[in-house]
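# Pasted the sequence and its predicted model underneath.
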Amino acid sequence: MGEPVEYAVAAERFLSAVPLGEGSRRVYRIALTTWAWALADRTPPAGHDRRNAVPPVLPLGLLDGPAAADRLRAALDARTGAVGARTANRELSVLVGAVTWWRAQGWLRHDPTAGLRPRAAPRPGPGGARLEPDQVRAVLRLPADLREQAFWHLLYETGAPIERVLALDVDDLDLPGRRARVRGHPPLRWGDGSARLLPLLALGRVGGPLFATRRGRLSYRRAAELFGAATRPLDPDGRGWTLRQLSAAGRGERA
């Protein structure tokens, strides 16, 4: 194969050459596509628009141009403001890896990422740093059983302690009022996602644990295992995220 002319083609060759699982390869592809918008001096689309947007067609040689480093620096600053330092730094790490590989192939002469440094991120609290908004959206779109979908939505939308959410019974729910009342606690209130899923989860049930297994109430340990396994493909580190990170993201939204 000859030297690729287009940035997107070079990105695909890099992704084919490095040993990545399918989930990580998808995350890398999204990051490299995001940088394409920056190189074209355009703001990457967000949310649902990002999923279906067609990235700009660029020559790979644009990265050898005199303006490349400044464009990438400005883009890194903008991404840090939009999605947080951790996500922006992960995207930077992907680009650095790709540029290093492209230079090894002789496709680039210069390294426009040489002067870029990861941005300072808040120190993580117990259980890891809270998830960024784009990470939460990815979690809540995961294909999962109704029980897990409802639990994750409720945990995020209430930002409540994990133990309290798992301790809910079906008859604690005020579904029309979108809240749960438990003696000795302030009511939990939730949003549209939980309002859509909880009636389905509680359908035909008059009591007992809201989040149940065949043996009884869903345990913290089992809920954490399921969440970690489901989010492993989304985590660039390949470890999976924690329920505390999801709950903390919900609290951060309301702060």
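All right, it came through fine. Numbers count the residues shown, from 1 in each chain.
# contacting residues around residue 187?
174, 179, 180, 181 (Cβ atoms under 8 Å, 6 or more residues apart in numbering). C-beta coordinates here come from the backbone N, C-alpha and C atoms, glycine included.
# mind putting these in TSV, secondary structure included?
Below are those laid out as TSV (DSSP: H, G, I helix; E, B strand; the rest coil):
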residue	secondary structure
174	strand
179	strand
180	strand
181	coil
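# Of these - the most surrounded one?
Within the contacts of residue 187, most neighbours by other Cβ atoms under 10 Å means residue 180, with 25 neighbours.
# What distance do you get for that residue to residue 198?
9 Å (Cβ to Cβ, to the nearest Å).
# what do those two both touch?
residue 173.
# before we move on, the earlier item: show me which of the contacts of residue 187 is closest to residue 17.
If you rank those by distance to residue 17 using Cβ to Cβ, residue 180 comes first, at 50.7 Å.
# Just the pLDDT at that closest one, thanks.
Listed pLDDT for residue 180 reads 90.
# Isn't it up against residue 174?
Yes: contact criterion Cβ atoms under 8 Å: residue 180 and residue 174 qualify, at 6.7 Å.
# all strands in this protein, in order from the N-terminus.
173-174, 179-180, 188-189, 212-213, 216-217 (DSSP state E).
# Give me the contacts around the second one.
Residues external to strand 179-180 that are found in contact with it (Cβ under 8 Å, 6+ apart): 168, 172, 173, 174, 187, 188, 189, 190.
# What is the lowest-pLDDT residue among those residues?
residue 187 (85).
# mind checking how far that one is from residue 210?
Residue 187 is 15 Å from residue 210, by Cβ to Cβ.
# for residue 130, same thing?
For residue 130, the distance to residue 210 - Cβ to Cβ - is 24 Å.
# what's the answer for residue 188, then?
11 Å.
# circling back: point out the most buried one among the strands of the chain.
strand 179-180 (a mean of 20; mean count of other Cβ atoms under 10 Å).
# What strands flank that strand, and is each parallel or antiparallel?
strand 173-174 (antiparallel), strand 188-189 (antiparallel) (DSSP bridges).
# I'd like to know which of these is closest to residue 17.
Nearest of the strands paired with strand 179-180 (Cβ to Cβ): strand 188-189, 48.5 Å.
# list residues touching both of residue 188 and residue 210?
With Cβ under 8 Å, 6+ apart as the test, residue 188 and residue 210 both reach residue 168.
# With adjacent residues omitted, what lies nearest to residue 218?
residue 211 (4.1 Å; Cβ to Cβ, 6 or more residues apart in numbering).
# residues contacting that neighbour?
147, 150, 151, 165, 166, 168, 217, 218, 223.
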